[in-house]
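Asks: Provide a 3D model corresponding to the input given below.
(2 chains)
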Amino acid sequence: MDPGFEADFRQFVVDRSGALFRTAYLLTGDRHAAEDLVQSALVKTATKWRSLRDPAAIEGYVRRVMYHEQVSWWRRRSRVAEVSTGWLPDQTDDGHADVVDLRMVMRAALSRLTPRQRTMLVLRYFEDLSETEIARVLGVRVGSVRSQIYRSLERLKKTAPELTTVRELR
Amino acid sequence: MNIENLLRETLADMADEERPPAPGRFLQVRERRARGRGLALAAASIVAALAVGSTVVVQGMSSRAPSGDVAGQQNAVPQSAVTVTVEEGTRLSRLFEKLSSLTGRPVAEFEKAAKDSAALGLPAYARGALEGFAFPGTYTFAPTVSPGEILRAMVARFVQAAEDTDLVDGARRAGRTPLEILTIASIVQADAGRDEDMPKIARVIYNRLKRKMLLRLDSTVLYGLGKYGAGTVRVEDLKNRSPYNTYRRFGLPPGPIGNPGGEAIRAALKPASGSWLHYVTIDPKTGVTKFASSETEFAQLVEEQRGKKPGAE
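Replies: Take a look at the predicted model:
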């Protein structure tokens, strides 16, 4: 085995696994699933290592594998498992949850989206990719990204009506 | 605030609170877990996979896909990604200039972002200052990345490195604060020409502190003056009233003088054993540094250094 590869690979994992894990955690919402997702993407990347000399290309590649696995793994499932958070926000007297509560509501609502919707939201609002970039990374049309994101936001508002009070806060 | 901003904040919160596993987790052989998604693969299988992969002629990655799911998608990696390499020991002032030229944003934006210690995720012991906490390494960002996000990523990597080196506990065992250890590491980083000298340089600093000697370090003086270049310190520089002037002020400077890497942090936590009180970089080109335990030896080293550097003083 090429010792240079092993050292480089090790270094990459040391440098980047934290950031990759955070994204994976947002994608899956589950610590163990996130670890598996990162691990499996790293394995796939290792097979292409030689062709990916540039660190930017390596990271881009790992991420792309993660996004795809996340979307496609779920696609193969017959049913989306719902994650019960066992948490309900308190409402204040005037019906407005405060901002911290709203974030908790948002989390619960996120867990009810499909993985595809959730992945797009993470790419858009956490990774700050543009709609065009998301389309490119996931291999779908821009129009489809746009409509999915729009629908996801609508769905968030519907699953958690409290979120529509956001506008009046602050 | 609208729902999009709330979503942004919620995601950032979630990402922050879930602590990543140590990198070793992804490098070790693991038991296959019954739960969740597929295989928990490990280093052994990575190596095996590479052996298979290496027999295949692989063309440019951008046109190749890792699995059937992504087959045929072209150029999926954003082409305009911003890649920044932060070298060990880089000072923030220089880092900001570099970031400014890479992103086209003014230095002032980075300076402003550096003041928002909560958003950066700085540990409390940083006391709100970023110097020392922008961890060296190579970073890749989406082209739309903001200055705050860039710096935040560097702090995140620091936090990881602090965990890997056990900085907080190690500092406690050494009877120092984590910030002091990091300050020592930053001096070690600035002064070591070679990694193997780092633990000895750290030892010199500890020995001098213990004996309540002035540190007398050019690197800290230069930092205080915002200047560069070992060997360029002039006599009047040593009279400067900056808190970084360790020729005038006892003890460590008030904070790190650059952003040290993992090796330097480890050296500050685990100095070599020895009674040295001085070090002299004999040849800045090769980084050869020699150590002395007495004034006499030190004087000899200084002579040796001058011998190699015609025209100095």
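
Asks: Name the single longest helix found in the chain.
Replies: No chain was given, so I picked chain A. helix A:3-28 (DSSP state H).

Asks: Can you look at chain B instead?
Replies: Longest helix in chain B, counting residues (DSSP H): helix B:147-165.

Asks: Can you show me the CA trace of the helix or strand where B:Glu263 lies as PDB?
Replies: Element membership for B:Glu263 (DSSP states H and E) is helix B:262-269. Only the C-alpha atoms of helix B:262-269 are listed here, as PDB (Å, rounded to 0.1, in the frame of the first residue of the first chain):
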ATOM      1  CA  GLY B 262      -0.900  20.800  16.700                       C
ATOM      2  CA  GLU B 263       2.800  20.000  17.000                       C
ATOM      3  CA  ALA B 264       3.600  23.200  18.800                       C
ATOM      4  CA  ILE B 265       0.600  22.800  21.100                       C
ATOM      5  CA  ARG B 266       1.800  19.300  22.000                       C
ATOM      6  CA  ALA B 267       5.300  20.700  22.600                       C
ATOM      7  CA  ALA B 268       3.900  23.300  24.900                       C
ATOM      8  CA  LEU B 269       2.000  20.600  26.900                       C
END
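
Asks: Direction included, what does the following helix or strand past it pair up with?
Replies: Downstream of helix B:262-269, the first helix or strand assigned by DSSP H and E is strand B:278-283. In the sheet, strand B:278-283 lines up against strand B:288-292 (antiparallel) (DSSP bridges).

Asks: so where's chain A shaky on pLDDT?
Replies: For chain A, residues meeting the criterion pLDDT under 70 lie at A:1-3, A:73-100, A:164-170.

Asks: do that again at 90, thanks
Replies: A:1-16, A:28-33, A:35-36, A:39-61, A:68-117, A:127-128, A:137-140, A:154-170 (pLDDT under 90).

Asks: re earlier: does any bit of the longest helix of chain A sit next to chain B?
Replies: Yes - shown here: helix A:3-28 in contact with chain B (CB under 8 Å from any CB of the partner chain) through A:5-6, A:9-10, A:13-15, A:17-19, A:21-23, A:25-26. The way it works is simple: take the backbone N, C-alpha and C, and place the C-beta from them, glycine included.

Asks: Tell me which residue lies nearest the centroid of chain A.
Replies: Chain A has A:Leu27 as the residue nearest its centroid, 2.8 Å off, counting by CA atoms, centre = their mean.

Asks: For that one, give me its contacts.
Replies: Residues counted as contacts of A:Leu27 (CB atoms under 8 Å, 6 or more residues apart in numbering or on different chains) are A:Ala34, A:Leu37, A:Met66, A:Tyr67, A:Gln70, A:Pro115, A:Arg118, A:Thr119, A:Val122.

Asks: Any chance of TSV for the residues you listed, columns secondary structure?
Replies: Below are the contacts of A:Leu27 laid out as TSV (DSSP: H, G, I helix; E, B strand; the rest coil):
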residue	secondary structure
A:Ala34	helix
A:Leu37	helix
A:Met66	helix
A:Tyr67	helix
A:Gln70	helix
A:Pro115	helix
A:Arg118	helix
A:Thr119	helix
A:Val122	helix
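
Asks: Between those residues, identify the one with the most neighbours.
Replies: Tallying neighbours with other CB atoms under 10 Å in any protein chain shown puts A:Tyr67 at the head of the contacts of A:Leu27, with 29 neighbours.

Asks: In contact with it: list those residues for me.
Replies: Here A:Tyr67 is in contact with A:Leu27, A:Thr119, A:Leu123, A:Val137, A:Leu138 (CB under 8 Å, 6+ apart).

Asks: Same question for A:Arg31.
Replies: A:Arg31 makes contact with A:Tyr25, B:Glu18, according to CB under 8 Å, 6+ apart.

Asks: can you rerun that using 10 Å?
Replies: Going by CB atoms under 10 Å, 6 or more residues apart in numbering or on different chains, A:Arg31 touches A:Phe21, A:Ala24, A:Tyr25, B:Glu18, B:Arg19, B:Pro20, B:Pro21, B:Gly36.

Asks: One more: B:Ser146?
Replies: A:Asp128, B:Thr103, B:Arg105, B:Glu109, B:Ala113, B:Arg152.

Asks: just B:Arg248 next, same as before
Replies: B:Leu214, B:Arg216, B:Val221, B:Leu238, B:Lys239, B:Asn240, B:Arg241, B:Ser242.

Asks: One more: B:Gly89?
Replies: Going by CB under 10 Å, 6+ apart, the list of residues near B:Gly89 reads B:136, B:185-192, B:219, B:256-261, B:264.

Asks: By neighbour count, which bits of the longest helix of chain A are buried? Give me those.
Replies: The neighbour-count check on helix A:3-28 (16 or more other CB atoms under 10 Å in any protein chain shown) flags A:5-6, A:8-9, A:12-28 as buried.

Asks: can you map out the helices along the stretch 1-150 of chain B?
Replies: B:3-17, B:43-54, B:92-103, B:107-115, B:117-120, B:147-165 (DSSP state H, counting those that start in this stretch).

Asks: could the contacts of A:Leu27 be laid out in JSON lines, adding distance to B:Asn2?
Replies: Converted to JSON lines, the contacts of A:Leu27 look like this (distance: CB to CB, whole Å):
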{"residue": "A:Ala34", "distance to B:Asn2": "28"}
{"residue": "A:Leu37", "distance to B:Asn2": "30"}
{"residue": "A:Met66", "distance to B:Asn2": "28"}
{"residue": "A:Tyr67", "distance to B:Asn2": "25"}
{"residue": "A:Gln70", "distance to B:Asn2": "26"}
{"residue": "A:Pro115", "distance to B:Asn2": "24"}
{"residue": "A:Arg118", "distance to B:Asn2": "19"}
{"residue": "A:Thr119", "distance to B:Asn2": "21"}
{"residue": "A:Val122", "distance to B:Asn2": "18"}
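
Asks: This completes my enquiry, with thanks.
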